[in-house]
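Visitor: this one's structure only:
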Ligand SMILES: [Fe+2]
């Protein structure tokens, strides 16, 4: 009874056009118009991995967590409800909009919205990146990962581990100041049952957009380099230069999206065997690169 992978990310936007341009022309995602007027962004044979919905703000809405089958879905929902978590059954319209077979929605202890679902439709048009990206690493690894804000790290980690079946991959402890009185920044990286190094990370910092960042993984480092070139050429704010993370080994850069959060675009992330994995503690964030730039005023 565990979440299998990150299935999708829902985003609210006042205007869909900036996301259409960012997704298709800059990152190289395939776009499609959803029946309800939302914008679908595709990275593979699913109808969408990001859904951009019209609203009155530019922000993250919810993470969609995939359960492998109906039995896993109902067992997880039952466990959460038994623990007192308020979950709302998805309406027929919501289930149809997510291209799922079953859906519930709720929040984690910090109010981060989440959805659990099972069963997915397929996008029948073959995936073709409009920018020639050779492909995105999804399939059995899910869409990528999300990093959510949490003021109470341990409470949040316990929620995702004990109720949703996540488990520890890595705990990063970063010295943020030469002043020993300034506490270390602790970030927790959790894996679902799929072999992606982490589908979820939890970070004790407030984020106005509701999401620290989300990540897409490309097949090849040349795909990542060309995406970085397109971001720079189009004038997007590159929040972090190219670098390699110490824990998941991913080579990536970060770019500010129209949603007020960053997108990490990477490749070569680790896919551990969980039966032999020993959770790690990382004392540095990166083995090289990843120089951060504050957003323009
Ligand atoms: Fe990341």
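Guide: The structure has been received and is ready for your questions. Computed from a prediction, not measured in an experiment: that's the story for all the values here.

Visitor: check which helix or strand covers the residue in the stretch 101-250 of the chain that the ion sits nearest to.
Guide: Nearest to the ion in the stretch 101-250 of the chain, going by CB to the ion, is residue 215, at a distance of 4.4 Å. Glycine gets a C-beta too; all of them are placed from N, C-alpha and C. Taking DSSP states H and E as the criterion, residue 215 maps to strand 213-217.

Visitor: How far away from the center of its chain is that strand?
Guide: Strand 213-217 sits 5 Å away from the centroid of its parent chain (CA atoms, centre = their mean, to the nearest Å).

Visitor: Pull up the pairing partners for that strand, direction included.
Guide: strand 145-149 (antiparallel), strand 262-267 (parallel) (DSSP bridges).

Visitor: So for the spatially closest residue to residue 112 that is not a sequence neighbour, what pLDDT did the model give?
Guide: Distances taken as CB to CB, 6 or more residues apart in numbering put residue 148 closest to residue 112, at 4.8 Å, once the chain neighbours are dropped. Note on residue 148: pLDDT of 98.

Visitor: isn't residue 148 right up against residue 213?
Guide: No: if you go by CB atoms under 8 Å, residue 148 and residue 213 don't touch, sitting 9.8 Å apart.

Visitor: contacting residues around stretch 170-183?
Guide: 184-189, 197-198, 246-248, 279-285 (CB atoms under 8 Å, 6 or more residues apart in numbering).

Visitor: what do you get if the cut-off is 7 Å, keeping everything else the same?
Guide: Residues outside stretch 170-183 that contact it (CB atoms under 7 Å, 6 or more residues apart in numbering): 184-189, 247, 279-283, 285.

Visitor: The ion next: which of the residues you listed are close?
Guide: Under the cut-off given by CB under 5 Å from the ion, the ion has nothing from the contacts of stretch 170-183 close to it.

Visitor: Looking at the strands paired with strand 213-217, which one is packed in the most?
Guide: Stretch with highest mean neighbour count among the strands paired with strand 213-217: strand 262-267 (a mean of 25; mean count of other CB atoms under 10 Å).

Visitor: Going along the chain from that one, find the next helix or strand for me.
Guide: Counting by DSSP H and E, what follows strand 262-267 is strand 280-282.

Visitor: I'd like the next helix or strand past that next one.
Guide: Next in sequence after strand 280-282, counting helices and strands by DSSP H and E, comes strand 286-289.

Visitor: Name the strands paired with that next one and say parallel or antiparallel.
Guide: strand 238-245 (antiparallel).

Visitor: After the partner strand, which helix or strand is next? Please name it.
Guide: Sequence-wise, the next helix or strand downstream of strand 238-245 (DSSP H and E) is strand 251-256.

Visitor: contacts for that next one?
Guide: Strand 251-256 is touched from outside by 213, 221, 224, 228, 231, 236-242, 244, 262-268, 295, with contacts defined as CB under 7 Å, 6+ apart.

Visitor: Among those residues, the buried ones, what's the ChimeraX command?
Guide: Of the contacts of strand 251-256, the buried ones go into a single ChimeraX selection, burial set by 16 or more other CB atoms under 10 Å:
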select :213,224,228,231,236,238,239,240,242,244,262,263,264,265,266,267,268
